[in-house]
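>>> Return atomic coordinates for the entry below.
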Amino acid sequence: MPNSHELYQKALSVLTSQGKFYINLGLERVQQLLELYNNPQDKIKCIHVAGTNGKGSTCAMLASVLSHAGYKTGLYTSPHLVEYTERVKINGKDISQDDFADLIFDIINIAEQNNIHVTEFEILTVLGFIYFEREKIDFAVIETGLGGRLDATNIIKPLVSIITTIDSDHTDRLGDTVEKIAFEKAGIIKPGTPVITLKNNKGLEIIKAKALESNSKLILADDEICRDYETNLSGLWQKTNLSLVLESVKLLRNQGFAISETDLKKGLQNVSWPARFQYIEKMNLILDGAHNPNAAKLLRESLDVYYPDKEKIWIYSSINTKDYKEVMEILFRPADIIILTKSNSAAAVSPEILKEELLSKNSACQIYTTKNIKESVNTYLRIKTTKNTGILTGSLYSTGDFLTEYGNNKNLYRLN
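Numbers count the residues shown, from 1 in each chain. Next up is the predicted model:
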């Protein structure tokens, strides 16, 4: 009889099979499946978060604050870095491999019996709602997977909707203009439900129009609200995410939920969200999943502030759905050293293609190419000096590969 880990691996094999691993936006299939489970999502108090950048950090901060305030808090995010179980947490603890496997098999069986052709993300979304309802949580913080309007998570009736920074990404699915992308993100706004976004967000007029149409109160967050608060997540952009969290806490308090100042500050100081300007102390290496132009710009700005006098050594990879040409142009400067590599993703861009692109721009950088993350890290460790700071970026797949390779050595790194 298979042991727990073998069952978990078997569940992953079925979940990630060719018949499940694809994107098919729409709500009909997930609605049909959830109805067969008596709509667990309707029995949960939810906070829904969409946006191009900052969703995960915002969700992690909110979940940490609510947990510290004494609420049993679920967190549903994507993608994962090392294990699928990271996507579904309660009070910071991942769902067990046993519970994950049992639910995966049950959901797939029910879907097949009822001829519902669900995708991987839809299965995981249903799993999250079933698990949270079964565990009787007080709150669920839910991150959209892609877009918002047609995202599988958009079947909830949240207490509040949050829209983080909007920029160009997934243009093949969400549209080729900021306005079209904002329209998709604003699709999470529900009738009469407050929505919080940034006062200087791109596509703000689209969000305002949707809020007005939905009779939803629109709250515009400003960095000024952050003056008396700090989070242990690094990166200049975290102040923007923090402003959304603080406005959300203010709104929840007004709705009658008890969140003390002490618990708020403790939650912000103790939040953990790997691969977002995460410092690997013993390697002098920063992990950051920046994979689109806006995130790259914010990463470069943060490095210039935090490490102005350090020479930069980059470990860079990308997948082929990202605008790696513009990202590399934003990140790299002539004095930088660049180690090009590839993640284990089937969509990873060849390091040789990345190098060719760099050379076509007459790059004066010193360039290395490597076959995988381990080889790239070994190259970095060989060439780095006390004058350097290392940055591994370009894809969450590559940061996940790093944590898979090195993450079990607890003395090697610390999470910010």
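>>> can you count the residues close to residue 55?
Neighbour count of residue 55, defined by other CB atoms under 10 Å: 23. Backbone N, C-alpha and C define where each C-beta goes, glycine included.
>>> for it, what are its contacts?
Residue 55 makes contact with 49, 77, 143, 144, 164, according to CB atoms under 8 Å, 6 or more residues apart in numbering.
>>> State the distance from the first one to residue 302.
This means residue 49. Using CB to CB, to the nearest Å, one gets 22 Å for the distance from residue 49 to residue 302.
>>> quick one, which of those two is more surrounded?
When residue 49 and residue 302 are compared on other CB under 10 Å, the one with more neighbours turns out to be residue 49, at 31 against 19.
>>> By mean pLDDT, point me to the weakest helix or strand of this structure.
For the chain, scoring each helix and strand by mean pLDDT, DSSP states H and E identifies helix 171-174 as the least confident one, at a mean of 68.
>>> Toward the C-terminus, what is the element adjacent to that helix?
In the C-terminal direction, the helix or strand that comes right after helix 171-174 (DSSP states H and E) is helix 178-185.
>>> How far off centre is that following helix?
Between the mean C-alpha point of helix 178-185 and the mean C-alpha point of its chain there is a distance of 18 Å (CA atoms, centre = their mean, to the nearest Å).
>>> Next secondary structure element downstream of it?
Beyond helix 178-185 on the C-terminal side, the first helix or strand identified by DSSP H and E is strand 195-198.
>>> Output the below-cut-off pLDDT ranges for the chain.
Counting by pLDDT under 70, the ranges of the chain that qualify are 1, 18-22, 169-173, 408-416.
>>> mind giving me the domain ranges of it?
4-269, 278-406 (automatic domain parsing).
>>> Quick one: residues contacting the closest residue to residue 14 other than its chain neighbours.
With sequence-adjacent residues excluded and distances taken as CB to CB, 6 or more residues apart in numbering, residue 14 is closest to residue 108, at 6.1 Å. If a contact means CB under 8 Å, 6+ apart, then residue 108 has 14, 15, 118, 123 as its contacts.
>>> Rebuild those residues as a markdown table, extending it with neighbour count.
Formatted as a markdown table, the entries for those read as follows, by neighbours: other CB atoms under 10 Å:
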| residue | neighbour count |
| --- | --- |
| 14 | 15 |
| 15 | 21 |
| 118 | 23 |
| 123 | 22 |
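>>> so which two of those residues are the farthest from each other?
Pairwise distances across those peak at 11.9 Å for 14 and 118 (criterion: CB to CB).
>>> As a check, name the ranges of all helices in the stretch 151-300 of the chain.
Listed in chain order, the helices of the stretch 151-300 of the chain (DSSP state H, counting those that start in this stretch) span 171-174, 178-185, 204-213, 238-254, 261-269, 293-306.
>>> quick one: the strands in this structure?
Assigned by DSSP state E, the strands in the chain fall at 46-50, 73-76, 88-90, 93-94, 139-143, 160-163, 195-198, 218-221, 278-280, 285-287, 311-316, 337-340, 366-369, 388-393.
>>> can I get the ones you listed in TSV with distance to residue 254?
Shown next, in TSV, are the strands of the chain (distance: least, CB to CB, whole Å):
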stretch	distance to residue 254
strand 46-50	14
strand 73-76	19
strand 88-90	26
strand 93-94	30
strand 139-143	16
strand 160-163	10
strand 195-198	12
strand 218-221	11
strand 278-280	34
strand 285-287	37
strand 311-316	45
strand 337-340	49
strand 366-369	54
strand 388-393	39
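>>> Which of those has the highest mean neighbour count?
Sort the strands of the chain by mean neighbour count, taking mean count of other CB atoms under 10 Å, and strand 160-163 sits at the top with a mean of 29.
>>> Show me the strands paired with that strand, marking each as parallel or antiparallel.
strand 46-50 (parallel), strand 195-198 (parallel) (DSSP bridges).
>>> Dump those strands into CSV; add distance to residue 129 as well.
Conversion of those to CSV gives the following (distance: least, CB to CB, whole Å):
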stretch, distance to residue 129
strand 46-50, 9
strand 195-198, 22
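>>> how much space is there between residue 398 and residue 194?
Separation of residue 398 from residue 194 (CB to CB): 37 Å.
>>> More neighbours: those two, which one.
The residue with more neighbours, out of residue 398 and residue 194 and counting by other CB under 10 Å, is residue 398; that gives 29 against 21.
>>> what's the distance between that one and residue 219?
Taking CB to CB as the measure, residue 398 falls 36 Å from residue 219.
>>> quick one: contacts for the residue lying closest to residue 387 once chain neighbours are set aside?
With CB to CB, 6+ apart as the criterion, residue 387 has its nearest non-adjacent residue at 5.2 Å, and that residue is residue 311. Applying CB under 8 Å, 6+ apart, one finds that residue 311 lies in contact with 335, 336, 337, 387, 388, 389.
>>> So in terms of bridging, what pairs with the last one?
For residue 389, the residues forming beta bridges with it (DSSP bridges) are residue 312.
>>> Please apply the same query to the third one.
Following DSSP bridges, residue 337 is listed with bridge partners residue 313, residue 366.
>>> what sits against it?
311, 312, 313, 314, 365, 366, 367, 368, 383, 388.
>>> which one of these sits closest to residue 137?
residue 314 (40.4 Å).
>>> Let me know the distance separating the closest residue to the closest one other than its chain neighbours from residue 189.
Once its chain neighbours are removed from consideration, residue 314 has its nearest residue in residue 338; the separation is 4.8 Å (CB to CB, 6+ apart). Residue 338 sits 41 Å away from residue 189, taking CB to CB as the criterion.
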